[in-house]
Structures are given as structure tokens and as C-alpha cells.
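*Asks:* just a sequence and a predicted model for now, questions to come.
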Amino acid sequence: MPAPTLTSLPQHDPDPIARAASLAAERDRYRYTWHRPEGVASAAEVPRSDAFDLGVLTRYVGVQAMLAAHDMITTSAHRVGQLVRHHEVATAAGQSFDERLAGAMKLVVRGGEHRATPSVALKWFGADVPSLIAILAAHPERHDELFAWQRLGGANPFALRRLETTDAAAPFDEAHFAAAAKAHAIDGTLASAIDGKRLFHVDFRYLDGARDGGLALEIPKRVFGARALFVQHLGPSPRFLPVAIQCVPSGPIFTPADGIGWSMAKLVLQCADTHEQALTYHVAQCHFVMEAFTLACVRAFAPAHPIRKLLAPHTQYTLAIDAQVRDTLMKPGQDLEALMATTLGQSILLVEDAMHAFDVNAAMPHADVKRRGLDDPGTLPHCPLRDDGLPVWSAIRRFVGEYVGLYYTSDADVVADSEARAFGQELGARWGGRLASIPEVTSVTTLVDLVSYAIWTASPLHAICNDSQLEFMACSANMPTALYGNAPTTSPTEADLLALYAPEEISMSQYAFFCGQTKLEENKLGEYPPDAFDDPRVAPLITRFVAELASLDARIDARNASRPAPYVWLRTQTMRASIHA
């Protein structure tokens, strides 16, 4: 780690030769590779100063020990029951209870014959059942409403888009809308919903080619290219509701009037949503985009640069966790291959596609919400990304703007800053971060936008993707990582629905995987190390920033009182400052 240096812009540094030498040393320490995965910028190696320290590793081991103990507590009796159901009971007749229990703990369900239905999948949580899953269990009549709510207040609030024409809604038509309206006891038509800007959809058809994935317990894993339609019903009690789902392109369409077929279709859509959330947004556009920002920051800005000092807490452990993602998660036989329906190669291709499609201008929070037609509270009353996320973004941008204003009085100061210009160039360069649409850094506004987006990605965006996993994705009956049966046909049966659920062993592994990712908390948004800044003018800015974040949390709590289910992942008091889990 470079020794602390007094903050200065390069054009004001009293020792430019020493500064240039320092920057050259940083560029030598932080080098790129573009082959993990192919075409995506990453660190060729992680410097020791950026690796997880012993304290973090110790806490990580503690998390794994907690999960192991939790596994023993929640599944021991259940797996003893499995022992009785199998032929091992005959050979166990002469064993003690402890010996039988030890055998049960090692038992693998042969052929996945026992499936993790919703009641079984809940067992993994013990007494800590997430709030939405608990509501679903206690109020099955609300399943449609809470299924729809997850497009707005779930683990992936980035897929939903407003539809503007009946042609765009095809193959869904007025008959499908009428069937759903009758089931939900609402009025209206498809045309009136479009005219009122109240019709929305999610579209995962790009996943259709990946539906023949790998095997788990010798059972084929599947994901389907599903598409679904939703409507915002207004009135005294507004409700966001599902209208119809098509599980595969050109396949049959299911509505809430279709019984078992509808239950299967919802599960199919949830599985597709899991893949997009995990691969496109979490791995690619959180972890790997932030790695590009991290490398550009340390290579373009000398240690004395004010932007380097500001971003340092927001890049803490980012290179280390991303190396872990590549060296463990994305290797053969590891969790990505074991859990996801897509093969490991298909999963990596989806990550690569997401990185190549990333556009920083379109990803800016206000632009994203507007582009997807979610910006009008009059036609969409509840939208946490808009109502909670945009104020958090504005607070971050205001703080960054004030901080940048301490050092840049005009655009001319930015133009004169060779390191700021190099930052933008490196983010987008073929030999650098390879992020699309990075603007040239020649204005204060552009610099503030890019720095703010880096902090947004490291903190709120990652909180949305990572911290919500225990609530939504740890339960295989809610957001399965794979399906183990066929998509519904025109006359599905209870057996067809049961076949879709994960085998119990896979369900337990899914719980442990997503639960473990939410437990490490090594820093917090708004908290900076005592030696982070040598400029005394920064402290009052941080104080105002923290106070504004606290006031936003209070407003989120108030909004949650009227939502279908609480949305807490944009509460900043529990939000990490950097990506390290």
C-alpha cells in the first residue's frame, strides 16, 4: 500500500517527477488480463495489499461454520427420516442412534427422488424465515400478488419494462387479459392498460437456447426462455398483478385461471429471473464492472489524487472477491456449475454478453428507470428502485459533487487534469476496462457522474443484488437455480409440478450458497477510515452525507408500511461501502 500523501491534483503537485514515478509503480502492480472470462477486464493478479486480510478470512470461516451448524440443526431429523425410507435401515439395525445419525448426515438422495416443495424448502431457514417467504407460507392466496411484486421489490428489479403498443404485447391478447382480470376480480382491457401506461412485461427469451443444461443427481437441469405480462391495477387499493406467462417461445400461454399450469409457469419465470439476476446483474454488472472501475482508478490516479482517496474505501477487497469468483465459483465442479441450469460454459457466455452490452450512460439510475417506463408514480404507485434508489443516488451524487468541488472550480480544471482524463480513457479502452460508452472526461459533470456511478455500483447496486439473496433466492421453491422437469403443457398434472422442484440436497445447497454471500460486512457506506482524507474540508461533507442517508432510511421505513412486502435493501444503515461478498 502506498504511503499516505498530501492530496493534490497533478497540475498542482509540487513534485511531478515523484508523482509520475509513484503512478508508474502502481501501473506495474495493477495489470490487466482479458481472458477470465474472455474479453472481460480483470486483474492479472491481486496485489497483497488488496487481498483479504486474516481478520476477514477468519470471519469467512466463521460464516461457513455457522452454516454447517445450521445444516445439522435444521436437517438432522429430516435426514434420519430419509434413512428410514431407504434400504440402509436394514443394515443400520445393529447401530447406535449416534451411528445412525452420522450415516444420515452423509446420505445423498439417490436420483433426487425427494423434492424440495415449498414446505420442505422452508426447513432450511429454521426460525429465520425471510419476511416474503413467511407471508407466502401464511397467505397462499397472496401468491400471485407477491409473485408480481418481485418484479418491483425482488432480487431483480431490472427486468421489468412498460409496453406501449398491443403489437409489442403479442402473443398476449385480450382473451388472456380477460381471463386474468376475471381471476383477479378487476376490470379493464389490454388496450386500456396500454393506453393508461399500466402494462408491463419481462422477457427472458434469450435464455431459450440454454435450456438443455447440465445434470444434478443424474437429472437434467433446465431453464426456459419465458416471458410474462403484468398490469398495474389502480383504485383505492392499487395492486400490481400478473396477467399471463409464456414459458417457451411459441409455446402455450398460461393465466391465473389455469391452475397447476399457472403454478408451473410462475416457477419457470422465477428460474429465468434467477439466471438473469445472478449472471447479468450480480456477477457481470456489479462485480466485473466495479473491477474495471477499480483498476482504472488505481492505474490512472496517483495515490495523492483526491478521486483516488475518495474511491479507495469503495474498492476495498473488490479485486480479492472477484478473483475468488473466478478461481472458485466459475471453475468446473463448483457452485455455479452445480446449481445453475445452464452449463458452466453457457453461464460464462451469458456473463460475457452482459459485459459487452453494458452501457454506463443507460445504466445511470435515473436514465434506467425512465428508459424502462417506471418513472411515473401515477401509473406505477410502488417502485422501490425509483422511490428508494433514486434519492440514494441523488445523495451520493450530491456528496461527490461537493467533494469534487473542493478541487475543481471549473471544467478547465478537469481538462488540465491528465489523470482524470486518463481515468475515462482507461475505463473504455481496448487495453483497459473495455466498458462501452464511457464519455471523455473533460467536464466536472462527467467526472462527478462516473465517480458517483462507481460508488452506486459498489454499494447500493450491489446491495440490491447481493443482500436480497437470502430473502428471495435462498429458497429454491421461490427462485430456483434450475428446474428438474419439463415446462407445462396444455394439461399438466400435480406430478408435473412436483418434478420441477429441486431435489432436497440441491435445495439445501442453494440455501447455503446464497445465505453465505450475505453475511460478511467489512465496511459501511458513509464511513471512511480516520486517515482516508488529509483535507479538513472533507469531514463536514461526510457528516452531511451520513445525515442525509439516515433521513432517507426513515422515509424507506415509512413507505414499507404501505407496500405489499417490505423492501429493505436500499436502507443505507446496513449497506456495505464496497463489493467484498
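*Replies:* That came through, no problem.
*Asks:* from here on, just use CA atoms for contacts and neighbour counts.
*Replies:* OK.
*Asks:* need the residue closest to the centroid of the chain.
*Replies:* Central residue of the chain (Cα atoms, centre = their mean): residue 465, 2.1 Å from the mean position.
*Asks:* right, and residue 150 touches residue 160 too?
*Replies:* No - counting by Cα atoms under 8 Å, residue 150 stays clear of residue 160, with 10.0 Å between them.
*Asks:* how near is residue 233 to residue 449?
*Replies:* Counting by Cα to Cα, to the nearest Å, the gap from residue 233 to residue 449 is 36 Å.
*Asks:* again with residue 482
*Replies:* 38 Å.
*Asks:* which one of these two has more residues nearby?
*Replies:* residue 482 (33 against 18; other Cα atoms under 10 Å).
*Asks:* backbone phi and psi for that one, please?
*Replies:* phi -160, psi 160 (degrees, to the nearest 10).
*Asks:* all strands of the stretch 101-250 of the chain, in order?
*Replies:* Using DSSP state E, counting those that start in this stretch, the strands of the stretch 101-250 of the chain run over 161-162, 199-203, 215-216, 219-220, 227-233, 239-246.
*Asks:* pLDDT averaged over the longest one - what is it?
*Replies:* Averaged across strand 239-246, pLDDT comes to 98.
*Asks:* and for stretch 382-398?
*Replies:* 98.
*Asks:* gap between the two ends of that stretch?
*Replies:* Start-to-end, stretch 382-398 (Cα to Cα) is 25 Å.
*Asks:* would you indicate which residues of it are buried?
*Replies:* Buried residues in stretch 382-398, counted by 16 or more other Cα atoms under 10 Å: 382-393, 395-398.
*Asks:* go on, stretch 322-336?
*Replies:* 322, 323, 325, 329, 330, 335, 336.
*Asks:* for residue 16, give its distance to residue 8.
*Replies:* Residue 16 is 11 Å from residue 8, by Cα to Cα.
*Asks:* what does residue 460 give?
*Replies:* Taken as Cα to Cα, the span from residue 460 to residue 8 is 29 Å.
*Asks:* the more surrounded of the two?
*Replies:* residue 460 (25 against 17).
*Asks:* what residues are up against the more buried one?
*Replies:* Residues counted as contacts of residue 460 (Cα atoms under 8 Å, 6 or more residues apart in numbering) are 389, 392, 569, 570, 572, 575.
*Asks:* quick one on the thing from earlier: let me know which of the strands of the stretch 101-250 of the chain is tucked in deepest.
*Replies:* Mean neighbour count (mean count of other Cα atoms under 10 Å) peaks for strand 239-246 among the strands of the stretch 101-250 of the chain, with a mean of 26.
*Asks:* so that one versus strand 199-203, what angle?
*Replies:* Counting by axes from the mean of the first three to the mean of the last three Cα atoms, to 10 degrees, strand 239-246 lies at 50 degrees to strand 199-203.
*Asks:* who does strand 239-246 touch, helix- and strand-wise?
*Replies:* Counting contacts by 3 or more Cα pairs under 8 Å, 6 or more residues apart in numbering; DSSP states H and E, strand 239-246 is packed against helix 143-153, helix 174-184, strand 227-233, strand 253-254, helix 260-275.
*Asks:* make CSV from the ones you listed and add mean pLDDT and distance to residue 412 to it.
*Replies:* Output for the helices and strands packed on strand 239-246, formatted as CSV (pLDDT from 0 to 100; distance: least, Cα to Cα, whole Å):
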stretch, mean pLDDT, distance to residue 412
helix 143-153, 97, 42
helix 174-184, 98, 57
strand 227-233, 98, 48
strand 253-254, 98, 58
helix 260-275, 98, 45
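*Asks:* all strands of the stretch 451-581 of the chain, in order?
*Replies:* Read by DSSP E, counting those that start in this stretch, the stretch 451-581 of the chain holds no strands at all.
*Asks:* which residues of it score low on pLDDT?
*Replies:* For the stretch 451-581 of the chain, no stretch has pLDDT under 70.
*Asks:* got the CA positions of stretch 552-564 in CSV?
*Replies:* Extracted in CSV, the C-alpha atoms of stretch 552-564 (Å, rounded to 0.1, in the frame of the first residue of the first chain):
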residue,chain,number,x,y,z
LEU,A,552,-33.7,8.6,3.6
ASP,A,553,-33.8,5.4,5.6
ALA,A,554,-36.6,6.8,7.7
ARG,A,555,-38.6,7.5,4.6
ILE,A,556,-38.0,4.0,3.3
ASP,A,557,-39.3,2.6,6.6
ALA,A,558,-42.5,4.8,6.1
ARG,A,559,-43.0,3.6,2.6
ASN,A,560,-42.6,0.0,3.6
ALA,A,561,-45.7,0.2,5.7
SER,A,562,-47.9,0.5,2.6
ARG,A,563,-46.1,-1.9,0.3
PRO,A,564,-47.1,-5.5,-0.5
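*Asks:* in it, what counts as buried?
*Replies:* 552, 553, 556, 559, 563, 564.
*Asks:* check the gap between the fourth one and residue 469 for me.
*Replies:* Counting by Cα to Cα, the gap between residue 559 and residue 469 amounts to 21 Å.
*Asks:* next one: the second one
*Replies:* When distances are taken as Cα to Cα, residue 553 and residue 469 turn out to be 20 Å apart.
*Asks:* now swap in the last one and tell me
*Replies:* Between residue 564 and residue 469 the distance, using Cα to Cα, works out to 18 Å.
*Asks:* turn the strands of the stretch 101-250 of the chain into a markdown table, including distance to residue 124.
*Replies:* What follows is those, written out as a markdown table (distance: least, Cα to Cα, whole Å):
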| stretch | distance to residue 124 |
| --- | --- |
| strand 161-162 | 34 |
| strand 199-203 | 30 |
| strand 215-216 | 19 |
| strand 219-220 | 22 |
| strand 227-233 | 30 |
| strand 239-246 | 29 |
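*Asks:* show me the one of those strands that comes nearest residue 436.
*Replies:* Nearest of those to residue 436, taken as Cα to Cα: strand 161-162 at 22.3 Å.
*Asks:* give me the mean pLDDT for that closest one.
*Replies:* Strand 161-162 comes out at a mean pLDDT of 98.
*Asks:* show me where the stretch 301-450 of the chain has strands.
*Replies:* Counting by DSSP E, counting those that start in this stretch, the stretch 301-450 of the chain contains no strands.
*Asks:* mind listing what the nearest residue to residue 397 once chain neighbours are set aside touches?
*Replies:* Excluding its sequence neighbours, the residue lying closest to residue 397 (Cα to Cα, 6 or more residues apart in numbering) is residue 452, at 5.3 Å. Residues near residue 452 by Cα under 8 Å, 6+ apart: 393, 396, 397, 400.
*Asks:* just put those residues in JSON lines and tack on distance to residue 55.
*Replies:* Putting those into JSON lines (distance: Cα to Cα, whole Å) gives the following:
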{"residue": "393", "distance to residue 55": "31"}
{"residue": "396", "distance to residue 55": "29"}
{"residue": "397", "distance to residue 55": "32"}
{"residue": "400", "distance to residue 55": "30"}
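*Asks:* which of these sits closest to residue 194?
*Replies:* residue 393 (29.7 Å).
*Asks:* residues in contact with the closest one?
*Replies:* Here residue 393 is in contact with 365, 452, 456 (criterion: Cα under 8 Å, 6+ apart).
*Asks:* now render those residues as TSV, adding distance to residue 34.
*Replies:* Shown next, in TSV, are the contacts of residue 393 (distance: Cα to Cα, whole Å):
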residue	distance to residue 34
365	27
452	25
456	24
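*Asks:* burial check on the residue lying closest to residue 436 once chain neighbours are set aside, number of neighbours?
*Replies:* Computed as Cα to Cα, 6+ apart, the closest residue to residue 436 that is not its neighbour in sequence is residue 359, at 5.3 Å. Residue crowding around residue 359 was assessed by other Cα under 10 Å; the count is 15.
*Asks:* check the gap between residue 359 and residue 368 for me.
*Replies:* From residue 359 to residue 368 the distance is 10 Å (Cα to Cα).
*Asks:* try residue 272
*Replies:* 21 Å.
*Asks:* ditto for residue 25
*Replies:* According to Cα to Cα, residue 25 and residue 368 sit 38 Å apart.
*Asks:* what ranges do the helices span in the stretch 301-450 of the chain?
*Replies:* Listed in chain order, the helices of the stretch 301-450 of the chain (DSSP state H, counting those that start in this stretch) span 306-311, 318-324, 335-339, 344-357, 360-363, 365-371, 384, 390-405, 411-415, 418-428, 444-456.
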